[in-house]
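In: Structural data only, the sequence is not supplied:
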């Protein structure tokens, strides 16, 4: 069971590093769209997380 968890963490870390390497080599138009999408996902996930943490306190 621990092996699968460690493998999943390693895979997720490598995907993040792969994105860091690939994104600077994209065309400017594609880079802008990808960056806008990633910022939107970050805002949505942080807002959703904050909302789900605040719901039990209401």
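Out: Yep, that arrived. Worth saying up front: this structure is predicted, and the values here are computed from it rather than measured.
In: Tell me how far the lengthiest helix in the chain lies from the chain's centre.
Out: Ranked by number of residues, the top helix in the chain under DSSP state H is helix 28-54. Distance of helix 28-54 from its chain centroid, counting by Cα atoms, centre = their mean, to the nearest Å, is 8 Å.
In: And stretch 6-19, by the same measure?
Out: Relative to its parent chain, stretch 6-19 has a centroid offset of 11 Å by Cα atoms, centre = their mean.
In: now that stretch: mean pLDDT?
Out: Throughout stretch 6-19, pLDDT has a mean value of 91.
In: can you check stretch 38-45 too?
Out: Mean pLDDT, computed over stretch 38-45, is 93.
In: what's the burial count for residue 31?
Out: Applying other Cβ atoms under 10 Å, we find 13 residues neighbouring residue 31. All C-beta atoms are positioned from the backbone trio N, CA, C, and that covers glycine.
In: residues contacting it?
Out: By Cβ atoms under 8 Å, 6 or more residues apart in numbering, the contact set of residue 31 is 23-24.
In: roughly how far apart are it and residue 24?
Out: Taking Cβ to Cβ, to the nearest Å as the measure, residue 31 falls 8 Å from residue 24.
In: same question, residue 51
Out: Distance from residue 51 to residue 24, by Cβ to Cβ: 33 Å.
In: do the same with residue 37
Out: Residue 37 is 16 Å from residue 24, by Cβ to Cβ.
In: Which of the two has more residues huddled nearby?
Out: Per other Cβ under 10 Å, whichever of residue 37 and residue 24 has more neighbours is residue 37, with 10 against 7.
In: Quick one: work out the angle between the helix or strand that contains residue 20 and helix 28-54.
Out: When elements are assigned from DSSP states H and E, residue 20 belongs to helix 2-22. Put simply, helix 2-22 runs at 140 degrees to helix 28-54, going by axes from the mean of the first three to the mean of the last three Cα atoms, to 10 degrees.
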